[in-house]
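Enquirer: how does the following fold in three dimensions:
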Amino acid sequence: MKRRTLDLTLATIGLVMAAVLAIASALLLFAASFTNTTITDQLSAQRISFGPAESMPAAEYGDLVQYAGQQVTTGTQAKAYSDYIAVHLDKMADGQTYSEVSGQWIASAENPADRDPALGQLRQTLFMGETLRGLLLNVYAFSIFGTVALIAGWVAAVAALVMLGLAIYGFSHAHKLHKQELLEAPSVESIPVA
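Expert: The predicted structure follows:
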């Protein structure tokens, strides 16, 4: 195979790969934008806010104090608010989970009407709190997907530009080789006539 043919083949493959990478980049960047916009829109509509700084002592809330008074609008804040809920649930139930309290409530009496109402209320509160935590952690997980899509989108965009540059170089080199072949080809006058 001639060098010029190889250059043209590789440059064409590079051009196709640049197009594929550009399309992938556009799709990934769209996915990242869609994910982050949807998360912000949905969380903003819920109007979830952390308590004020004075209600969040650092000894209890640790790093969560940095979010004091903020409205939850991002995946990172959603995870932090989930941890904020966890602090409240732990205080209410001395570290017990919904499952543990529910088991105690069921065991408190055979007849549901005779079961301990205080345990029933705690059970209900833990159920709602743990459900909210799960939903907020799902938001956080999707925000991570959005971040990964954003990074992958930009990497694909850079790769597309590199491939495009290499393809252009390949076509340019093939063109140079073609010009060189024309210059080195014997002229009609120098061909001996028999």
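
Enquirer: gap between residue 146 and residue 177?
Expert: 46 Å (CB to CB, to the nearest Å). Glycine gets a C-beta too; all of them are placed from N, C-alpha and C.

Enquirer: pull out the buried positions in the helix or strand bottoming out on mean pLDDT in the chain.
Expert: Each helix and strand of the chain was given a mean pLDDT (mean pLDDT, DSSP states H and E); the minimum falls on helix 58-61 at a mean of 84. Within helix 58-61, the residues that count as buried by 16 or more other CB atoms under 10 Å are residue 61.

Enquirer: ok, residue 146 and residue 177, which is more surrounded?
Expert: Remark: of residue 146 and residue 177, residue 146 carries more neighbours, 20 against 17, as counted by other CB atoms under 10 Å.

Enquirer: is it correct that residue 104 is in contact with residue 119?
Expert: Yes. Using CB atoms under 8 Å, residue 104 is in contact with residue 119, at 5.8 Å.

Enquirer: of those two, which one has the most company?
Expert: residue 119 (19 against 15).

Enquirer: measure that one to residue 54 for me?
Expert: According to CB to CB, residue 119 and residue 54 sit 32 Å apart.

Enquirer: same check on residue 122?
Expert: In terms of CB to CB, residue 122 sits 27 Å off from residue 54.

Enquirer: can you check residue 149 too?
Expert: As for residue 149, its distance to residue 54 is 39 Å (criterion: CB to CB).

Enquirer: more crowded one of these two?
Expert: The neighbour comparison of residue 149 against residue 54 (other CB under 10 Å) goes to residue 149, with 20 against 8.
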